[in-house]
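[1] dropping a prediction and its sequence here:
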Amino acid sequence: MNMARVISVRDLHFQYDDGTIALAGVDFELAAGETVAVFGANGSGKTTFVLHLNGLLEGRGAIEVCGLPVRKDTLQQIRQKVGIVFQDPDDQLFMPSVLEDVAFGPLNLGLSPDQAAARARSALEKVEMIESQNKAPYHLSAGQKKRVAIAGVLAMDPEILVLDEPTTFLDPPGQRALVKLLGDLPQAKLIVTHDVELARSLAGRAVFFQKGRIAGQGPTERIIEQFHWSQEEYKAC
């Protein structure tokens, strides 16, 4: 890669307490501004891998984020740099109002209530949800909840976005709106997805996980063809 690396992973291994080997030697790099799709069947290691990138899981190997090693003493800095948007936005939305939800992260960074609210409003404007700032999250549609969850991550001003199955629960218009939103964001992105059209629209490169390893990586279309990957195949896994 000619561009600066924002993520560098070397020989990452992870085993769950029940003995399941989830990662068996993963090497990966992500460049600034790059979008990479992460494909693979259920249980192939995709989600386990991305949860290592901001220290939610800790395995064996070396991980650097924006030049910082991922360790217990750097986790606060790392988590400001890597924002994870989970598959189900209800896992991230828990405050009484949309504005309070999006301001929660900045408040925890030590910003004043006024500063946190200003940053939250800016993030909501980016995702076109500012008019819903006083609504309760549970009153929103699935697509609106997804946008608010993304705003909550953007309010932390991360350099990298990690999105786990971002089109889940969205109807086709919601999926198209999400593609446009993500395409307009400047951050480097890692998108765990089974949605090949989403990957084609956003990701110049893809990696394919099998049995805890990256079995292939390269241009998105080539990886889709190489592994005969499709949404139907994912559903059959």
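    Good, I have the coordinates.

[2] wait, residue 193 sits on residue 165?
    Yes - applying Cβ atoms under 8 Å, one finds residue 193 in contact with residue 165, separated by 5.9 Å. The way it works is simple: take the backbone N, C-alpha and C, and place the C-beta from them, glycine included.

[3] between those two, who's got more neighbours?
    residue 193 (24 against 19; other Cβ atoms under 10 Å).

[4] the residue of the chain positioned farthest from its centre: which element?
    Most distant residue from the mean C-alpha position of the chain: residue 114, 27.6 Å away (Cα atoms, centre = their mean). Using DSSP states H and E, residue 114 maps to helix 113-126.

[5] one more: residue 180?
    Per DSSP H and E: helix 172-184 holds residue 180.

[6] residues in contact with that helix?
    35, 127-128, 141-143, 146-147, 150, 161, 163, 166-167, 170, 189, 191, 195, 198, 201-202 (Cβ atoms under 8 Å, 6 or more residues apart in numbering).

[7] residues contacting the residue most central in space within the chain?
    Centroid check for the chain by Cα atoms, centre = their mean gives residue 162 as the closest residue, at 1.6 Å. Residues counted as contacts of residue 162 (Cβ under 8 Å, 6+ apart) are 50, 53-54, 82-85, 189-190, 192.

[8] make CSV from those and add neighbour count to it.
    Output for these, formatted as CSV (neighbours: other Cβ atoms under 10 Å):
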residue, neighbour count
50, 20
53, 24
54, 21
82, 27
83, 23
84, 21
85, 23
189, 22
190, 26
192, 21
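
[9] residues near the closest residue to residue 122 other than its chain neighbours, how many?
    Of all residues beyond its chain neighbours, the one nearest residue 122 is residue 155 (7.6 Å), with distances taken as Cβ to Cβ, 6 or more residues apart in numbering. By the measure other Cβ under 10 Å, the count of residues near residue 155 is 28.

[10] with residue 32 instead?
    Neighbours around residue 32, by other Cβ under 10 Å: 16.

[11] same deal with residue 77?
    13.

[12] just confirm residue 149 is within a helix.
    Yes - checked against DSSP: H, G, I helix; E, B strand; the rest coil, residue 149 lies within a helix.

[13] please tell me how far it sits from residue 124.
    Distance from residue 149 to residue 124, counting by Cβ to Cβ, to the nearest Å: 12 Å.

[14] who touches the residue nearest to residue 122 in this structure?
    Counting by Cβ under 8 Å, 6+ apart, residue 155 has contacts 102-103, 105-106, 116, 119-120, 122-123.
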